[in-house]
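> Dropping a prediction and its sequence here:
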Amino acid sequence: MARGFILCLLALGLFGAMSAHAAGRGAQLTRLLEELRTLGYQIVYSNEVVRPGMRVSGPLEDPPTLESARRALDRHGLLLVEREQGVYLVVRCTDCRQTIRGRVMYEQGDLPIRGALITLRGPTVKSIQAGRDGSYLATDLPPGRYEISAEAASFRPSQVSVEVPAGADLVVDLRLEFQATLLEKVVVTPDRFDIAQQTVEVPVSFQRDDLKDAPLRLGETMAMTEMLPGMAIGTEEAAPRIRGSTGRD
């Protein structure tokens, strides 16, 4: 019986701990700020800025800290600004311009990769092309977590995950590993293309003036053949041939 009583106490203690942990998860943001007040921090905020529906994404720290409060406020586009010594004001970050900048470079060294494609996926999606020096700039980003990927021809894609708080200006450099690009198999054979066996009739007529002004070479009338479309006569050839062919064709 004593053993059963002890097990019952342990079960009640475990249930109480789990209940307390669950109560802290997803708690209202105002609860976090009020607990900071009990620790001596002077937190100033209004219900118009910190609305009742705003909640903390994870469990509350015990005891809570200013850093945990900043992380919770960032997710709602709010900032914790220190106005005086020990006095903090919660403000809405309507004019904040979150920015991510950086460079895309080789994995080894600082050689830039120009023209790389950078894609940011998070609360919004944005694609940017790196400049000649490998630099890129993404502005007007909502706060939150972003997956930043970079890719370029002949390089392995790279990806990093960053948290962008309200009012942040982050520098995120990306490095890509070079990889050889295999081309498709190309077969080169010594065979020549066959000349198309097609008869094309091109009527040609010579007038008296044409025969009179023809550039006869030592009286060779074969020079007249060069006036026909597609025909040619070499200086060491006794027979005409079609342009683009050889004597064997």
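Yep, it's here.

> By mean pLDDT, flag the weakest helix or strand of this protein.
Lowest on mean pLDDT, DSSP states H and E among the helices and strands of the chain sits helix 2-24, with a mean of 44.

> C-terminal to it, which secondary structure element comes first?
Using DSSP states H and E, the helix or strand that follows helix 2-24 in sequence is helix 29-38.

> okay, now T30: neighbour count?
Neighbours of T30 under the rule other Cβ atoms under 10 Å: 16. (C-beta placed from N, C-alpha, C; glycine too.)

> residue contacts, it?
Contacts for T30 (Cβ atoms under 8 Å, 6 or more residues apart in numbering) come out as V50, P52, M54.

> how does it look with 6 Å?
V50 (Cβ atoms under 6 Å, 6 or more residues apart in numbering).

> residue ranges with poor pLDDT in this protein?
By pLDDT under 70, the low-scoring segments of the chain are 1-26, 94-97, 181-183, 190-249.

> Would you state the helices of it in chain order?
Secondary structure of the chain (DSSP state H): helices at 2-24, 29-38, 66-74, 208-212.

> buried sites along the second one?
Buried residues in helix 29-38, counting neighbours by 16 or more other Cβ atoms under 10 Å, are found at L29, T30, L32, L33, E35, L36.

> Also compute the angle for that helix relative to helix 66-74, please.
Helix 29-38 and helix 66-74 are oriented at 160 degrees to each other (axes from the mean of the first three to the mean of the last three Cα atoms, to 10 degrees).

> CA atoms only: put helix 29-38 into CSV for me.
In CSV, the C-alpha atoms belonging to helix 29-38 read as follows (Å, rounded to 0.1, in the frame of the first residue of the first chain):
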residue,chain,number,x,y,z
LEU,A,29,2.7,37.8,-25.0
THR,A,30,1.4,40.0,-22.3
ARG,A,31,2.0,37.3,-19.7
LEU,A,32,5.7,37.3,-20.7
LEU,A,33,5.9,41.0,-20.3
GLU,A,34,4.2,41.0,-16.9
GLU,A,35,6.6,38.3,-15.6
LEU,A,36,9.5,40.6,-16.6
ARG,A,37,7.8,43.4,-14.6
THR,A,38,7.8,41.1,-11.5
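
> quick thing: my sequence starts at 30, can you match it?
Yep, numbering from 30; the last one is helix 58-67 now.

> Now do G173 against E63, distance only.
Separation of G173 from E63 (Cβ to Cβ, to the nearest Å): 25 Å.

> same check, this time on L166
Computed as Cβ to Cβ, the L166 to E63 distance reads 40 Å.

> Please name the nearest non-neighbouring residue to S190.
Among residues not flanking S190 along the chain, E176 sits closest, at 5.4 Å (Cβ to Cβ, 6 or more residues apart in numbering).

> Please read the previous query as pertaining to R121.
Closest to R121 by Cβ to Cβ, 6+ apart is V78, at 5.3 Å.

> Check L58 too.
Excluding the flanking residues, the one nearest L58 by Cβ to Cβ, 6+ apart is M83, at 4.2 Å.

> List the backbone torsions phi and psi for the one you found.
Per-residue torsions, M83: phi -80, psi 130 (degrees, to the nearest 10).

> For it, the count of nearby residues, please.
Around M83 there are 16 other residues, counting by other Cβ under 10 Å.

> Counting neighbours, what do you get for P141?
P141: 17 neighbours (other Cβ under 10 Å).

> ok, back up a step: quickly name whichever of the buried residues of helix 58-67 is closest to V216.
When those are ranked by distance to V216 (Cβ to Cβ), L58 comes first, at 67.9 Å.

> Sounds good, over and out.
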